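**Q** got a predicted structure here, sequence first:
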Amino acid sequence: MDITTNYLGLKLRSPLVVSASPLSEDIDNIKRMEDAGAAAVVLYSLFEEQLRQDRLEMHQHLEHGTESFAEALSYFPESSEYRLGPEEYLKHIAAAKKSTRLPVIASLNGSSVGGWTEYAKKIQQAGADALELNIYYIPTDMSLSGQVVEETYLNILKAVKGEVSIPVSVKLSPFFSNFANMAKRLDDAGANGLVMFNRFYQPDIELESLEVKPNILLSTPMAMRLPLRWIALLHGKVKASLAATSGIHRASDALKMLMVGADATMLCSTVIRHGIPQIAMIEREMINWLEEHEYESVSQLKGSLSQKNCPEPAAFERAQYMKAITNFALPRT
């Protein structure tokens, strides 16, 4: 069974890619992912706030005490000349590449151009095979138009693409007035891949302490419906690779994503919940299904039920909503 796929111009042994999570902070875990059959790994994210904080802390360290002795100003280089930033992340990329044969995809998480371009170049130099831009942007300024928000995404992508030659994907939120148009604009701007979708972690309220606290919930298979629909709509209409993330827990979930046109299916919550061996189990079950249904390869399956190839293309649009509502049966009481 040929389960190879192409994602971001990389030939992968299967569509099963481990998405960004704390699991990738440990090189031994990455080795175990390779042994379990992972096709690639997206490293945990380097956050824009980390870049800012590192600059602030270094600046304060260099300037501390300089007001006491004028000559002390010449003891250290200017902060702009100092090599700043979380160098550990770059070392981790190099270590992962040295320890495994897995394609390593780095991840930058932020909301502005900021230090992205500088670190994108360093990430490439460290040996990353590709870069995922995880643009986590929740606009709350009431004076900010949707056009400005969209331009922020495009500007980040263009700035990074101008600095690196490795493939660059964009991990997106679905919250655009016209997601299809946004996907096309990113595609036209040179995105090598679109990852659907980013999960915005919502805060919770602690009633006893009356505090707002972060709250992280692992996904369930129900979360796959949204990326499934949009990948089906975009397949064959953009040049960029399409990756499905969120809600992929079983072989059946991965197979459905491939049917609608995904080039890669990203695993996270299921690996955290069930352990790294879950990757091998999903692959075995996926191969068994393909053999039972007489497929020869993943390529033969890919996109077969996208909107472009679906016998009922309207099923992915409003008609699906109307059909679901009219056919819904209330439970008997």
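**A** Good, I have the coordinates.

**Q** could you give the number of residues near residue 192?
**A** Residues lying near residue 192 (other CB atoms under 10 Å) number 20. From N, CA and C alone the C-beta is placed, and that goes for glycine too.

**Q** got the contact list for it?
**A** 8, 9, 130, 167, 168, 169, 240, 241 (CB atoms under 8 Å, 6 or more residues apart in numbering).

**Q** just residue 271 next, same as before
**A** 18, 21, 23, 278, 279.

**Q** contacting residues around the first one?
**A** For residue 18, the contacting residues are 24, 33, 38, 40, 41, 42, 266, 267, 268, 271, 279, taking CB under 8 Å, 6+ apart as the criterion.

**Q** per-residue confidence at the last one?
**A** In this case it means residue 279. Looking at residue 279, its pLDDT reads 98.

**Q** so it, which of the three states?
**A** helix (DSSP: H, G, I helix; E, B strand; the rest coil).

**Q** returning to that earlier point: now the contacts of residue 271 in TSV, with distance to residue 90?
**A** Below are the contacts of residue 271 laid out as TSV (distance: CB to CB, whole Å):
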residue	distance to residue 90
18	20
21	19
23	19
278	29
279	26
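
**Q** of all those residues, which comes closest to residue 254?
**A** In terms of CB to CB, no member of the contacts of residue 271 lies closer to residue 254 than residue 279, at 10.6 Å.

**Q** how far away is the closest one from residue 17?
**A** 10 Å (CB to CB, to the nearest Å).

**Q** any weak-confidence spans in the stretch 1-150 of the chain?
**A** 49-85, 111, 115 (pLDDT under 70).

**Q** could you pull out the helices in it for me?
**A** Per DSSP state H, counting those that start in this stretch, the stretch 1-150 of the chain carries helices over the ranges 27-35, 48-63, 87-99, 116-126, 146-161.

**Q** tell me which of these lies nearest to residue 235.
**A** Nearest to residue 235 among the helices of the stretch 1-150 of the chain is helix 146-161 (20.8 Å), distances taken as CB to CB.

**Q** next helix or strand past that closest one?
**A** Using DSSP states H and E, the helix or strand that follows helix 146-161 in sequence is strand 168-172.

**Q** no further queries at this time; thank you.
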